[in-house]
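**Q** sequence first, predicted model second:
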Amino acid sequence: MVRTVLAMRAREGCEQRFEAEWLGAAEEIRQLPGCLRQDLVRDADDPRSYLIISDWADRDRLDAFGRSEHRDRLLAMIRELRESAQRHTYQVLHSVRREPEEPR
């Protein structure tokens, strides 16, 4: 599995529209083969700073999406609403999750 972390800063006054546009694009992207999960998180101290975190089954499918016209179309409006963006891709090595609690 690979995880991408895309740091974005929304233009001033565009935060709500940025979030709405991301959600619309994410709804379509989640249906693509290989897309496992997507999260939009906002900095608790800077409401214009966001992380877009997405998990993909493998690098090939992520890269195929990254080169697609589909991606360009879906993310065109988001590009207009941001000041900056920086992307990193990571290979997930381990995940440790909390076990569900036993019912009493």
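**A** Structure's in. What do you need? What you are looking at is a predicted structure, and each value in this text was computed from that prediction instead of being measured.
**Q** give me the number of neighbouring residues for Ser84.
**A** Applying other Cβ atoms under 10 Å, we find 10 residues neighbouring Ser84. All C-beta spots, glycine's among them, are computed from the backbone N, C-alpha and C.
**Q** my error: substitute Arg97 in the last question.
**A** Neighbours around Arg97, by other Cβ under 10 Å: 5.
**Q** then Ile29?
**A** Number of residues near Ile29 (other Cβ under 10 Å) recorded here: 17.
**Q** quick one, strands of the protein?
**A** All strands of the chain, identified by DSSP state E, fall at 2-10, 35-42, 49-56, 82-91.
**Q** which of the ones you listed sits closest to Arg98?
**A** With Cβ to Cβ, the closest approach to Arg98 among these belongs to strand 35-42: 17.1 Å.
**Q** now Tyr50, nearest residue through space, not along the chain?
**A** Leaving out its chain neighbours, the residue that sits closest to Tyr50 by Cβ to Cβ, 6 or more residues apart in numbering is Met8, at 4.9 Å.
**Q** pLDDT score for that neighbour?
**A** Met8 is assigned a predicted lDDT (pLDDT) of 95.
**Q** ok, now how distant is it from Asp45?
**A** Distance of Met8 to Asp45, computed by Cβ to Cβ, to the nearest Å: 16 Å.
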